[in-house]
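Visitor: For reference, the sequence and a predicted model appear below.
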Amino acid sequence: MSLLSRLLSQAGRPRGWFGRTLVRGMNRGHAGLTRWGLSQVEIFEDAHVLDIGCGGGRTLETLASRAGRGKAVGIDYSEDAVAVARKRNQELIDSGRVEVLHESVSSMPFADATFDCVTAVESYYFWPDIAADLAGVRRVMKPDGQLVIIAGMYLGSKFDKRNTKVIEAGDMRCFSAQQFEDTLQGAGFAHVAVTTEPRKGWICAVAESGK
């Protein structure tokens, strides 16, 4: 396995001391991307928000600040990422405004129609079964709730050569803008809007649960 493949394996499921260091670095490295992506959507003050693949927990902190009278819940497949996210958000957890759980997108324990908004930052690349996982996401969303998928690369950008190398090394999923639209509509989502930031190679897909 190449060094790049090992690094991407850690990105998909951080573990050990290196994994914890990596997710702390992601908190810093993904800050601009996350800020741009979340600017594409309005999160209401009393919203109940889920962040899938919460990593080191910085996005949870941001979501909690925007949903000041609501709650932000984060899930991650990595126990080490969960530990880092809990430590970062301990005061918010103690106040009941944030919760961090060790869970997978493929087996979420939440009741139907729980969340007003679901976010996924740099995580959909690694979802095991995109069609089934999107169906699960839609199940836990309230009627006309919003899904926001934010990613730092997409097919069809000026960075395709670099991105293809990363995708192949990490055995990752990566969509074009049209594939995002088709996949989300195929999963039953409505009013799909896909925005790109060509200079950075970023993409954000926003869709309503359509229930």
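Guide: Good, I have the coordinates.

Visitor: alpha carbons only for contacts and neighbour counts from here, please
Guide: Will do.

Visitor: Doesn't K142 lie inside a helix?
Guide: No. Using DSSP: H, G, I helix; E, B strand; the rest coil, the secondary structure at K142 is strand, not a helix.

Visitor: which ones are touching it?
Guide: 112-116, 209, 211 (CA atoms under 8 Å, 6 or more residues apart in numbering).

Visitor: ok, the residues you listed vs D171, which is closest?
Guide: Relative to D171, the closest of the contacts of K142 is S209; by CA to CA it sits at 28.4 Å.

Visitor: In this structure the closest one contacts L147, no?
Guide: Yes. Using CA atoms under 8 Å, S209 makes contact with L147 at a distance of 7.3 Å.

Visitor: quick one: contacts for the most centrally placed residue in the chain?
Guide: The residue lying closest to the centre of the chain (CA atoms, centre = their mean) is A120, at 1.5 Å. Listed by CA under 8 Å, 6+ apart, the contact set of A120 reads 51-54, 148-150.

Visitor: How far does the longest helix seen in the chain sit from its chain's centre?
Guide: Scanning the chain for the helix with the most residues, using DSSP state H, yields helix 16-29. Centroid separation for helix 16-29 versus its chain: 16 Å, with CA atoms, centre = their mean, to the nearest Å.

Visitor: Same check on stretch 45-60?
Guide: Using CA atoms, centre = their mean, the offset of stretch 45-60 from its chain centre is 8 Å.

Visitor: outside of it, which residues touch it?
Guide: By CA under 8 Å, 6+ apart, stretch 45-60 touches 20, 23-24, 26-27, 31, 34, 63, 66-77, 81-82, 84-86, 88-89, 98, 105, 114-123.

Visitor: averaged over its residues, what pLDDT does that stretch have?
Guide: Stretch 45-60 carries an average pLDDT of 96.

Visitor: Can you report the mean pLDDT over the residues of the longest helix of the chain?
Guide: pLDDT averaged over helix 16-29 gives 74.

Visitor: cool, stretch 135-149 as well?
Guide: Stretch 135-149 comes out at a mean pLDDT of 97.

Visitor: and it, C-alpha only, in CSV?
Guide: Only the C-alpha atoms of stretch 135-149 are listed here, as CSV (Å, rounded to 0.1, in the frame of the first residue of the first chain):
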residue,chain,number,x,y,z
ALA,A,135,-32.3,6.7,1.9
GLY,A,136,-31.3,6.5,5.5
VAL,A,137,-30.4,10.1,5.6
ARG,A,138,-33.7,11.1,4.1
ARG,A,139,-35.5,8.9,6.6
VAL,A,140,-34.2,10.8,9.6
MET,A,141,-34.9,14.2,8.0
LYS,A,142,-38.1,16.2,8.7
PRO,A,143,-40.4,17.1,5.9
ASP,A,144,-38.7,19.6,3.6
GLY,A,145,-35.5,19.3,5.7
GLN,A,146,-32.3,20.2,4.0
LEU,A,147,-29.3,18.0,3.2
VAL,A,148,-26.0,19.8,2.6
ILE,A,149,-23.0,17.8,1.1
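
Visitor: tell me the SS of the residue nearest to the centre of the chain?
Guide: A120 is classified as strand under three-state DSSP.
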